[in-house]
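> Output the structure for:
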Amino acid sequence: MTHDDTAAGAAAGPGGTPPGPPPFRPDSPVPADDASTVVDGRAPSPADAVLPPELAGAARTLFGDRLDLAAAYAELLATDGVVRGLIGPREAPRIWDRHLLNCAAVAERIPEGATVLDVGSGAGLPGLVLAIARPDLTVTLIEPLARRTSFLIEAVQQLGLAKMVRVFRGRADEAATGSSGVAPLSGDVVTARAVAPLDRLSAWCLPLAVSGGRLIALKGASAADEIAEHAETVARLGGGEPQVHRCGEGVIDPPTIVVEIVRERMVGPARPKAPKRSRGGRSRRR
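Okay, the predicted model is just below:
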């Protein structure tokens, strides 16, 4: 993948200016399938992002005095996020319970002042939600697709989060190794939501965690089965025993299920094999 590493094409944020595409402009052409997005005969509406009264208590608990900021992000998702294909049209009326509150509950597993890397951030879930709920965090949203990173850059700017959130356009392995003069990224916590099975997720995310840091993967009811299937791979990658936690119990129903893995050992990339030698000790010639 190629990057635009110039300052003009980067999203400013903590730690410098990581690579990213130029921000989306209102006069930029929109693909026809995005521009014509409708649900049951109507275009996306800000009304879809209104906080349901029955969820107001949970939202106040999780977002506190930043609830208005969360509401502004919900409106972005329900309108521009739908038009640009980041949120499914039928998800818009369920943004609060299925997305914002579900992600915000994970904040209870993150230490004060932590550096968070969100892999496969997409529309900013959970990374941008965590930045809204926890202003003490420094968050990097890692996303390889241009359309999504454009949305993320705009959202960060519109929500006034540029001092604590930055956007890195690239894959997790590119973020971990660095590219084009950009230093490798690492964080206290690496998050991911609906990205991949636990074995592949660990391979991508554990190299981004500092020693003693952790991967927090948002999972569903099959979390225990994934652990049983992939625990050996996780250990080989330097991870400790995966633990299942239920976040937001007593606040949201159902609670958010996460798998948490501590990076106990720093496992580097495999070394290339040495050339075969003849019995005389010299390399074979062909």
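> Three-state assignment for L51, please.
Under the three-state scheme (DSSP: H, G, I helix; E, B strand; the rest coil), L51 adopts coil.
> what number of residues lie near A228?
With neighbours defined by other Cβ atoms under 10 Å, the count for A228 comes to 11. Every C-beta, even on glycine, is put in place using the N, C-alpha and C of the backbone.
> which SSE is the nearest residue in space to A194 that is not next to it in sequence in?
The shortest distance from A194 to any residue other than its chain neighbours is 7.0 Å, reached at L218 (Cβ to Cβ, 6 or more residues apart in numbering). Applying DSSP states H and E as the criterion places L218 in strand 209-219.
> From the contact counts, what lies against that strand?
Judged by 3 or more Cβ pairs under 8 Å, 6 or more residues apart in numbering; DSSP states H and E, the packing partners of strand 209-219 are strand 187-193, helix 198-205, strand 256-262.
> any chance of these in CSV, plus mean pLDDT, distance to S150 and mean neighbour count?
Putting the helices and strands packed on strand 209-219 into CSV (pLDDT from 0 to 100; distance: least, Cβ to Cβ, whole Å; neighbours: other Cβ atoms under 10 Å) gives the following:
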stretch, mean pLDDT, distance to S150, mean neighbour count
strand 187-193, 97, 20, 25
helix 198-205, 94, 22, 22
strand 256-262, 97, 28, 22
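> can you list those in JSON lines and add distance to V83?
What follows is the helices and strands packed on strand 209-219, written out as JSON lines (distance: least, Cβ to Cβ, whole Å):
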{"stretch": "strand 187-193", "distance to V83": "22"}
{"stretch": "helix 198-205", "distance to V83": "29"}
{"stretch": "strand 256-262", "distance to V83": "27"}
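> Of the ones you listed, which is nearest F168?
Smallest distance to F168 across these (Cβ to Cβ): 11.3 Å, for strand 187-193.
> who does that closest one touch, helix- and strand-wise?
Right, strand 187-193 is packed against strand 115-119, helix 198-205, strand 209-219 by 3+ Cβ pairs under 8 Å, 6+ apart.
> These: which one's closest to L62?
Distance to L62, taken as Cβ to Cβ, is lowest for strand 209-219 among the helices and strands packed on strand 187-193, at 14.7 Å.
> Helix or strand for A131, just tell me which one.
The secondary structure element spanning A131 is helix 127-133 (assigned by DSSP H and E).
> and the following helix or strand past that helix, how far from the chain's centre?
Proceeding N to C from helix 127-133, the next assigned helix or strand is strand 138-143, under DSSP H and E. A distance of 7 Å separates the C-alpha centroid of strand 138-143 from that of its chain, computed with Cα atoms, centre = their mean, to the nearest Å.
> nearest to H245, of the helices and strands packed on strand 209-219?
Across the helices and strands packed on strand 209-219, the minimum distance to H245, taken as Cβ to Cβ, is reached by strand 256-262, at 5.2 Å.
> Contact partners for the residue lying closest to I87 once chain neighbours are set aside?
Spatial nearest neighbour of I87, chain neighbours left out: G81 (4.2 Å); criterion: Cβ to Cβ, 6+ apart. With contacts defined as Cβ atoms under 8 Å, 6 or more residues apart in numbering, G81 is in contact with I87, A123, F151.
> To what extent is the nearest residue to the second one once chain neighbours are set aside buried, counted in neighbours?
Right, A123. The shortest distance from A123 to any residue that is not its chain neighbour, by Cβ to Cβ, 6+ apart, is 4.0 Å, and that residue is L86. Other residues within reach of L86 by the criterion other Cβ under 10 Å amount to 22.
> now swap in R90 and tell me
The burial metric for R90, expressed as a neighbour count using other Cβ under 10 Å, is 11.
> Next one: it from I252, what distance?
Taken as Cβ to Cβ, to the nearest Å, the spacing of R90 relative to I252 amounts to 21 Å.
> Show me what secondary structure element comes after the one helix or strand E229 maps to.
Assignment of secondary structure by DSSP H and E places E229 within helix 223-236. In the C-terminal direction, the helix or strand that comes right after helix 223-236 (DSSP H and E) is strand 243-247.
> and for that next one, what are the contacting residues?
By Cβ under 8 Å, 6+ apart, the surrounding residues in contact with strand 243-247 are 105-106, 108-109, 219, 223-224, 227, 255-261.
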